[in-house]
Each structure stands twice: as structure tokens, then as C-alpha cells.
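In: Okay, here's the prediction I keep looking at, along with the sequence it came from:
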Amino acid sequence: MSNLFDLSDDVAVVTGAGRGIGEGIATTLADAGAAVVCAARRGDEIERVAAGIRARGGRAIAVTTDVTNDDAVEALAQAALAEFGHLDIWINNAGGSPIQTPLTQLDRKEWDATILLNLTALWVCTNTAARHMRDGGRIVNISSRAAVSTVMGSGHYSAAKAGVNSLTQTFAKELGPRIRVNCIMPGAVPTEIMMTAMKLEDNDLPALEKRLRLPMRRLGTPDDLGQAVLYFVSPASSWVTAQILSVDGGM
């Protein structure tokens, strides 16, 4: 059974890997045996994550990357190939929006920036990954529960993530059977972006947890998302593609 979650022959790229959900995914995949390429705009953060993986005996490098720059995304794929020789897994995790504003008051620049980071960049990253992956590749997109529910003040973000869900299913059909493409919609995970967007402090979290009334009686953690991603990229899910999974404590 352990072989069903063994990634020791795989090389994985994780965008937005410097903190929060991305860090949880990167460390989970490394613990399962994958060589991990940690990518994000903040070089110091991904260097810390990669160093932590190596300290536990794993294989990891950090590549500073702005996923909204097409050339930088191609350079990221080339760095993975140069360091580890092949590419098997790509996690599109970079994204978010720190702004909460009604759509009728949203600045056009913020709309464009949100679509670029959360949707267009994912399209570019997926096409880039597909060009360079070995047969049997796996792509996982990180969407949001906001894609399927109304979040007042985050309509721009919700629209982008709804697009992510749609792209997931289309890419799965276009890239199969060579590459499997799946998607995860996280619920309430107190990352830096979520805390900023919702104007929350750490001492606000118990009240949020109580207000959400989740069946699991707790907020999510990056490790919760990492384990879900592990399933989608492991041999255990070899007949699973085009799926959108809510990981939200029962929200």
C-alpha cells in the first residue's frame, strides 16, 4: 500500500511555495519522496522552505519566479529539468487577492491583476508544464470555495477561481491520457492572504471558527491541503482526472 503514495521517482514544481498552503504542499510532496522545485516571488521564503526540506533529507531547490511573466515560467520549467532531469508534477498554487471591495467599486487595475495572477498565469503555467512533462504527468490547480459561493467583496477573486475550475476540466480532457489534471478548492485556511483580505488578526480566529460551524470543528491547515494534493498526484489516483475536490471541513 505504501507504494500507492510513493513519489520517489517524481519531480514536482510548486508555485507560491514560500508560505501557507504552498509550503504545506511542497513539504508533503517532498516527504513522499519527490524532488521539489519551490517557486514564488519572495526568494527568501522559498529558500527557507527548500532548506527545510533538504534538512530532513529531501531534495529541493528554490527558483524565484513571477508566474505572471511568461518567460519566468518557462525559466522555472527549465530550472527543474536542469537540476533534476525531468518534470512530472506541477502544482498551480500561486494566487490570491488581498482586496475586498464590491464589484461596483472595484478598480479596473485590481480586476486585471486578479485575473492575471489567478487565471491567466495558471493557463500559461499549465501549457508550459504540459510541454515539458514526461508521459504520466500530473497537474493540480488550487482554486477556492469562493469559486462556487458568493463572498461579498471578493467577486473578482471568485470569478477568477470559477475560471480555474473550468480550465481544470477542459485541460483534463485536452491533455489526457498523457497528463491528469485535477483541482482542489480549499475552505477556510488562515493564510496571510486570507487574513489580510478578511482583515483578521490571530485572536479573531476562534470567533471565525465558531461562526462557520464546520462539522470538523476546526479551520484548515496547509498540511490538510498537502495531503489532498498528495492523493491527486500519487499512483493511488491513477484513474482520477478532471475532478474538483472541496477540502473545507464540511463547509
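Out: Structure received. Residues are numbered from 1 along each chain as shown.
In: the helices in the stretch 151-251 of the chain, which residues?
Out: 155-175, 192-197, 205-212, 222-233 (DSSP state H, counting those that start in this stretch).
In: now, of those helices, which is deepest in the fold?
Out: helix 222-233 (a mean of 21; mean count of other CB atoms under 10 Å). (C-beta placed from N, C-alpha, C; glycine too.)
In: In this protein, which strand is the longest?
Out: If you go by DSSP state E, the chain has its longest strand at strand 179-186.
In: Strand partners (parallel or antiparallel) of that one?
Out: strand 137-142 (parallel), strand 244-247 (parallel) (DSSP bridges).
In: Of the helices of the stretch 151-251 of the chain, which shows the lowest average pLDDT?
Out: Per-stretch mean pLDDT for the helices of the stretch 151-251 of the chain is lowest at helix 192-197 (a mean of 65).
In: follow-up on the earlier one: how about CSV for the strands paired with strand 179-186, with mean neighbour count added?
Out: Formatted as CSV, the strands paired with strand 179-186 follow (neighbours: other CB atoms under 10 Å):
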stretch, mean neighbour count
strand 137-142, 25
strand 244-247, 18
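In: could the ones you listed be laid out in TSV, adding distance to S238 and mean pLDDT?
Out: Putting these into TSV (distance: least, CB to CB, whole Å; pLDDT from 0 to 100) gives the following:
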stretch	distance to S238	mean pLDDT
strand 137-142	10	98
strand 244-247	16	96
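In: can you map out the helices along the stretch 1-150 of the chain?
Out: 20-31, 43-55, 70-84, 108-115, 121-132.
In: any chance of those helices in CSV, with distance to G95 too?
Out: Output for the helices of the stretch 1-150 of the chain, formatted as CSV (distance: least, CB to CB, whole Å):
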stretch, distance to G95
helix 20-31, 10
helix 43-55, 16
helix 70-84, 14
helix 108-115, 9
helix 121-132, 8
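In: Can you tell me which of these is most buried?
Out: helix 20-31 (a mean of 26).
In: For that helix, give me every contacting residue.
Out: Here helix 20-31 makes contact (CB atoms under 8 Å, 6 or more residues apart in numbering) with 7, 10, 12, 14-17, 36, 38, 40, 49, 52-53, 56, 58-60, 89, 91, 93-94, 142, 186, 189, 191-193, 221-227, 229-230, 233.
In: Now for the residue nearest the centre of the chain: which residues touch it?
Out: Centroid-nearest residue in the chain, with CA atoms, centre = their mean: N93, separated by 2.1 Å. Contact analysis of N93 by CB under 8 Å, 6+ apart lists 14-17, 21-22, 25, 142.
In: same check, this time on G250
Out: G250 neighbours (CB under 8 Å, 6+ apart): 214-216.
In: you'd agree L225 is up against I142?
Out: Yes. At 7.4 Å, L225 counts as touching I142 under the criterion of CB atoms under 8 Å.
In: which residues are in contact with both of the two?
Out: With CB under 8 Å, 6+ apart as the test, L225 and I142 both reach 21, 25, 184, 186.
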